[in-house]
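1. the sequence and its predicted three-dimensional model are supplied below.
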Amino acid sequence: METASLIRILKLASPALHVRDFVPVLTHLCFTPSHVFAFNDKTAVVVEHETGLHCAVPGKVLLDIIGGCSAEIALEQKDAEVVIKDKGSTVRLPILQPETFVFDPEQFNDAVLLCTLTPEIVTALELAAGTSNEESIRANLTGVTFTPADDEYLCLYSTNNVTCTSILVPVKFKTKKGGHTGILSKDACELITKTYRDLGDECKGAQLLLGDGYAVAVLSPTVRVIAKLIVAEPADFDKIMDENSEGAEWTECPEALFEAAKRAAILTATDPEKVLSLEPQSGFLLVRAKGRLGEMETKIKAKGIVEGAQFSIDPDMLARAQPWAAEIGLGGRALLLRGALGDADMSIEYMIARRGG
């Protein structure tokens, strides 16, 4: 068996390994006659591959051992162990039997096609996941919510309780409109986007499918990510965005604002809380930051900005919008940014809650 090929397959599946061993099989790489997979109780990465094994092997240990082997190795399952033979060396690892599996990759074949996973949609999913909660008292405020905006657009929403992101993605739907809404966990979104990036050109024609309570990202002919959907009624993100953007007047976003945010992030890097102070003046934004490592003040031209009360935001949350933000708006409760992602038809609106004076 070619070692490099096996390592690649195991590395594709391994991001879905659980970090804790409360349920031991969740920290194992599982082998069936036709698949290799890992499942962390929420999300699985499944790779079609025949190894001759039908058991579960401790994932990290197996990868560490094989990573130091020569170009060709032999794998053999014997009773309660798997034997790895590399030249004159033999390593034996304990295994779990198939009866301990808590996930069956063959059970998820009734999902229907939602849309094609283009590089633009994957980028949108990545951005939305980056501003999402992993956990929250309210389950519908975790992960990424997807819902149809109309018959040709899918809207992705996320929040981390300080920011709120809305991304409008052009999509040709393949299912009935009522079946499009759901919530993908942050973990699932990150696994889908990471695996998509790792596979590169193999992902041409990748698809996102929906089943009853789960989603399947078919990333290549041999690789799938299967994720449980979060069980919760989706939040009304449009209402949240509208309430916080009330009274906002949009104007061109000055590039200097992002450079100021980056400097502020550096100066406040060791502070318990990073704070960037903004004071709207007529045609200007007065930007200040004071941290343990130093302080800064700069006056930035911003056409259309009117005088208003000083408020504060997190500089890192502002800086992350630089690649796409074209317009800025000051709402009663939030700073708003909007722009386009790659394709002009894919738009993003991003809201950062004000911290007060």
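-> Cool, got the structure. No experiment lies behind these values; they were computed from the predicted model shown.
2. C-alpha only now, for contacts and for neighbours.
-> Will do.
3. can you give me phi and psi for P15?
-> phi -60, psi -20 (degrees, to the nearest 10).
4. where along the stretch 251-357 of the chain do the helices fall?
-> 255-267, 315-319 (DSSP state H, counting those that start in this stretch).
5. mind listing what's buried in the first one?
-> When neighbours are counted by 16 or more other C-alpha atoms under 10 Å, the buried residues of helix 255-267 are found to be 257-258, 260-267.
6. now tabulate these in a markdown table and tack on distance to I300 and pLDDT.
-> Below are these laid out as a markdown table (distance: C-alpha to C-alpha, whole Å; pLDDT from 0 to 100):
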| residue | distance to I300 | pLDDT |
| --- | --- | --- |
| L257 | 7 | 95 |
| F258 | 11 | 95 |
| A260 | 9 | 95 |
| A261 | 12 | 95 |
| K262 | 14 | 95 |
| R263 | 14 | 95 |
| A264 | 14 | 95 |
| A265 | 17 | 94 |
| I266 | 19 | 96 |
| L267 | 19 | 96 |
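7. hang on, the earlier thing: would you turn the helices of the stretch 251-357 of the chain into CSV with distance to S185?
-> Shown next, in CSV, are the helices of the stretch 251-357 of the chain (distance: least, C-alpha to C-alpha, whole Å):
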stretch, distance to S185
helix 255-267, 28
helix 315-319, 21
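8. quick one: residues contacting A269.
-> Shown in contact with A269 (C-alpha atoms under 8 Å, 6 or more residues apart in numbering): 291, 293.
9. can you check L285 too?
-> L285 neighbours (C-alpha under 8 Å, 6+ apart): 278-279, 299-302, 305.
10. let's see 7 Å
-> If you count contacts by C-alpha atoms under 7 Å, 6 or more residues apart in numbering, L285 has them with 278-279, 299-302.
11. likewise for V287?
-> 277-279, 297-299 are the contacts of V287 under C-alpha under 7 Å, 6+ apart.
12. just put those residues in TSV and tack on distance to P24, pLDDT and neighbour count.
-> Formatted as TSV, the contacts of V287 follow (distance: C-alpha to C-alpha, whole Å; pLDDT from 0 to 100; neighbours: other C-alpha atoms under 10 Å):
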residue	distance to P24	pLDDT	neighbour count
S277	49	93	23
L278	51	92	24
E279	54	91	18
E297	54	96	14
T298	55	95	14
K299	57	95	17
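13. distance between the ends of stretch 54-63?
-> By C-alpha to C-alpha, to the nearest Å, the extent of stretch 54-63 from end to end equals 17 Å.
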